[in-house]
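> no sequence for this one, just the structure:
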Ligand SMILES: NC(=O)c1ccc[n+]([C@@H]2O[C@H](COP(=O)([O-])OP(=O)(O)OC[C@H]3O[C@@H](n4cnc5c(N)ncnc54)[C@H](O)[C@@H]3O)[C@@H](O)[C@H]2O)c1
Ligand SMILES: O=C(O)C(=O)C[C@]1(C(=O)O)C=C[C@@H](O)C=C1
């Protein structure tokens, strides 16, 4: 299947240089893949953008939106001839996809990804790739609670972090090219060891999602009359949790199953801290509560200052 829409609308040269890539193949084209496709097209960074998705309906949608010039459920056919392959599906699909695309990858091609965990990506993808195909794992720390190709937008990555976790001995040119792409999307690029990434994200992203899923789950398990009051009066804090708890269930299932150790460690610490708070409330230890809330308020101010700096 093909579509000339996007190809014709691609600028001939990127600002400050020509396209970074020839053919870019997205495997999975939901919120993140479609945002990247839009950013590549907007900035003229690719000569050709194609995609593969699990269902024909998603392929058709990507063509209809003008995100790609070709789309197929056959991932191997889409990566053939690509100099950049971007895995943009839930991380639990990576091992199978890597096995399927590996025989079709062009020598010298770069395979990157956007998965929210990084050790599992290296574990699941690297063993399948032939010599001379370069793996550069990445994670844009940017997103929304929405899914699918319609949900993406080119500006999603502006002023956000993108963490790259190249394994030891990764091809330097490939790493520099992927970093360049993210910088051109407006992201701040940071390099990390995959294991460190997984520990940091367990606290900054995975635990908050787990807490949101739990709170909203607890509310939905309340008796019917209380539940309707919760929905009716939900404002402020609870409302913010419902946004996060509306995130894609399959994506988050895969994140927790693939960052098991770091998440379990952080849940353990969280449980200890919540037990200490429970105790302080039971024994009326207001000074303990106030001391903690004063410290956390300072953290929030630090986060805002860091964002504005
Ligand atoms: N949503 C976020 O906030 C966010 C942020 C950063 C990174 N990520 C990571 O990005 C990846 C994609 O997330 P998203 O939010 O774009 O998801 P999404 O649900 O919007 O899109 C997922 C895409 O993957 C495709 N897909 C699913 N299973 C597949 C399979 N077996 N083979 C081929 N394609 C398949 C779907 O058809 C869809 O096109 C995930 O690994 C996630 O961890 C998500
Ligand atoms: O803003 C949101 O909706 C998000 O949850 C985005 C968020 C995050 O936790 O910050 C979620 C998962 C990703 O891996 C990266 C970003």
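Structure received. Worth saying up front: this structure is predicted, and the values here are computed from it rather than measured. Ligands and ions are numbered 1, 2, ... in the order given.

> can you pull the pLDDT of residue 225?
As predicted, residue 225 sits at a pLDDT of 73.

> What helix or strand is it located in?
Element membership for residue 225, per DSSP states H and E: helix 224-232.

> quick one: buried residues of the helix or strand following that helix?
Later in the chain than helix 224-232, the nearest helix or strand by DSSP H and E is helix 236-244. Under the neighbour-count criterion of 16 or more other Cβ atoms under 10 Å, helix 236-244 has 238, 241, 242, 244 buried. C-beta coordinates here come from the backbone N, C-alpha and C atoms, glycine included.

> Could you find the lowest-pLDDT member of those residues?
Scoring these by pLDDT puts residue 238 last, at 85.

> I figured it was touching residue 230, is that so?
Yes - counting by Cβ atoms under 8 Å, residue 238 touches residue 230, with 7.1 Å between them.

> Next, show the common contact partners of the two.
Common contact partners of residue 238 and residue 230 (Cβ atoms under 8 Å, 6 or more residues apart in numbering): residue 219.

> just to revisit the earlier point, got the buried residues of helix 236-244 as JSON lines, with distance to ligand 1 columns?
Converted to JSON lines, the buried residues of helix 236-244 look like this (distance: Cβ to the nearest ligand atom, whole Å):
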{"residue": "238", "distance to ligand 1": "21"}
{"residue": "241", "distance to ligand 1": "16"}
{"residue": "242", "distance to ligand 1": "16"}
{"residue": "244", "distance to ligand 1": "10"}
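
> out of those, which one sits closest to ligand 2?
Nearest to ligand 2, judged by Cβ to the nearest ligand atom, of the buried residues of helix 236-244 is residue 244 at 5.9 Å.

> Excluding chain neighbours, give the residue nearest to that closest one in space.
Nearest residue to residue 244, sequence neighbours excluded (Cβ to Cβ, 6 or more residues apart in numbering): residue 212, at 3.9 Å.

> all helices for this structure, in order.
Per DSSP state H, the chain carries helices over the ranges 5-9, 31-43, 56-64, 75-79, 94-101, 119-125, 172-184, 194-201, 207-220, 224-232, 236-244, 249-258, 260-282, 286-308.

> Considering those, which stretch scores lowest in mean pLDDT?
For the helices of the chain, where the average pLDDT is lowest is helix 5-9, sitting at a mean of 35.

> list the contacts for the closest residue to residue 126 other than its chain neighbours?
Counting by Cβ to Cβ, 6+ apart, residue 126 lies nearest to residue 135, which is 5.4 Å off, once chain neighbours are set aside. By Cβ under 8 Å, 6+ apart, the contact list for residue 135 reads 110, 111, 112, 122, 125, 126, 129, 166, 167, 170.

> Residue 209 versus residue 151, what's the distance?
17 Å (Cβ to Cβ, to the nearest Å).

> The two - which one has more neighbours?
The neighbour count for residue 151 versus residue 209, taken as other Cβ atoms under 10 Å, is higher for residue 209 (20 against 16).

> Isn't that one up against residue 246?
No - the criterion here is Cβ under 8 Å, and residue 209 misses it with residue 246 at 10.7 Å.

> quick one: the residue nearest to residue 126 from residue 188, how far?
22 Å.

> residues touching residue 22, list them.
46, 47, 48, 81, 82, 83.

> Using neighbour counts, trim these to the buried set.
Among these, those buried by neighbour count (16+ other Cβ under 10 Å) are 46, 47, 48, 82, 83.

> so which pair among these is furthest apart in space?
Maximum pairwise distance among the buried ones among the contacts of residue 22 (Cβ to Cβ): 10.9 Å, between 47 and 82.

> interface residues of the stretch 151-300 of the chain facing ligand 1?
Contact residues, the stretch 151-300 of the chain versus ligand 1 (Cβ under 6 Å from any ligand atom): 248, 251, 255.

> which of those residues has the most neighbours?
residue 255 (25 neighbours).

> Quick check, pLDDT for the residue nearest to that one when sequence neighbours are not counted.
For residue 255, ignoring the flanking residues on the chain, the nearest one in space by Cβ to Cβ, 6+ apart is residue 116 at 5.0 Å. Residue 116 is assigned 98 on the pLDDT scale.

> Would you agree residue 58 is in contact with residue 29?
Yes - Residue 58 lies in contact with residue 29 (Cβ under 8 Å); the separation is 6.5 Å.
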